[in-house]
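Chemist: this one's sequence-less:
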Ligand code: PEP
């Protein structure tokens, strides 16, 4: 089918304070109308900045998202943030199941699935992250691991309007290492087939992002791979020039 509209998303992780607002402003200022007509651009700052950033981005093509949500809409969950709370601040998306949370907070596929359903309930797009570790790749288990994570983390009834998948090999995150174009094509092809099997024709429309050491210098090659419908960018999203350079790869 037709190639989905690309999405370039920045994951700021635990970086940024109010003093970082000029970075967002530079992204907004540097996003040309021509580029904004072809791709979607999303910035996911820490939750503390979602309100400030959403206010600053209001009326521009740049969207603001969270990095995680609790599955429940409210309740006795000290320190957690509901999808409804991010939506209330003007967020439109949230990352769920990032590998750092799967590792550090021991999030399971079932929990990630519940978080994605929480995002849907609140009207947020869930960016569901999957990806193998270096040990899993070396053991030849990449496709089995990604298939299993996707099966367990993708809610039933997902649509292209509420769900994005991000393939992020754990060993490529923050390391400067990237898979070959052929390896990316293999995994994204698997994800596409799994989406088609679960969601039918809707599976052709769900965007599949690549993430892991995307830089301006490698973005064009990675983004040209079949079934790569955009990028999830960590470190390089903290500099407006680099983030815009990646977006310009489209
Ligand atoms: C990420 O953690 O989502 C990511 C892609 O990080 P980096 O771009 O820094 O590898």
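Modeler: Now that the structure is in, tell me what you want to look at. Not measured: the values here are computed from a predicted model. Numbers count the residues shown, from 1 in each chain.
Chemist: torsion angles phi and psi at the residue lying closest to residue 30 once chain neighbours are set aside?
Modeler: In this structure, residue 30 finds its nearest non-sequential neighbour in residue 244, 4.5 Å apart by C-beta to C-beta, 6 or more residues apart in numbering. Heads up, the C-betas are built off the backbone N, CA and C, glycines and all. Here is the backbone geometry of residue 244 (degrees, to the nearest 10): phi -70, psi -30.
Chemist: for the closest residue to residue 39 other than its chain neighbours, give its distance to residue 247.
Modeler: With sequence-adjacent residues excluded and distances taken as C-beta to C-beta, 6+ apart, residue 39 is closest to residue 6, at 4.4 Å. Distance of residue 6 to residue 247, given as C-beta to C-beta, to the nearest Å: 9 Å.
Chemist: around the ligand, which positions in this structure sit nearby?
Modeler: 11, 168, 173-174, 211-214, 232-236 (C-beta under 6 Å from any ligand atom).
Chemist: restricted to strands, list these.
Modeler: If you go by DSSP state E, the residues of the chain next to the ligand have 11, 211, 232, 233 in strands.
Chemist: follow-up on the earlier one: tell me the one of the residues of the chain next to the ligand nearest the ligand?
Modeler: Distances from the ligand to these, taken as C-beta to the nearest ligand atom, are shortest for residue 234 (2.1 Å).
Chemist: the closest one touches residue 211, doesn't it?
Modeler: Yes - contact criterion C-beta atoms under 8 Å: residue 234 and residue 211 qualify, at 7.1 Å.
Chemist: so the closest residue to residue 71 other than its chain neighbours, which state does it fall into?
Modeler: Leaving aside its sequence neighbours, residue 71 sits nearest to residue 114 (C-beta to C-beta, 6+ apart; 3.7 Å). Classification of residue 114 by DSSP: H, G, I helix; E, B strand; the rest coil places it in helix.
Chemist: count the residues that sit near residue 114.
Modeler: By the measure other C-beta atoms under 10 Å, the count of residues near residue 114 is 19.
Chemist: please apply the same query to residue 242.
Modeler: For residue 242, the count of nearby residues is 19 (other C-beta under 10 Å).
Chemist: contacts only, for it.
Modeler: By C-beta atoms under 8 Å, 6 or more residues apart in numbering, residue 242 lies in contact with 215, 216, 236.
Chemist: pLDDT of stretch 140-152, averaged?
Modeler: Throughout stretch 140-152, pLDDT has a mean value of 98.
Chemist: pull the residues that contact that stretch.
Modeler: Contacts to stretch 140-152, defined as C-beta under 8 Å, 6+ apart, come from residues 97, 108-110, 112-113, 128, 130-133, 136, 165, 167, 169, 183, 186-187, 190-191, 194-195.
Chemist: restricted to strands, list the residues you listed.
Modeler: Reading strands off those with DSSP E, I get 128, 130, 165, 167.
Chemist: OK, contacts around the residue nearest to residue 216 when sequence neighbours are not counted?
Modeler: Leaving aside its sequence neighbours, residue 216 sits nearest to residue 245 (C-beta to C-beta, 6+ apart; 3.1 Å). Residue 245 makes contacts with 215, 216, 219, as judged by C-beta under 8 Å, 6+ apart.
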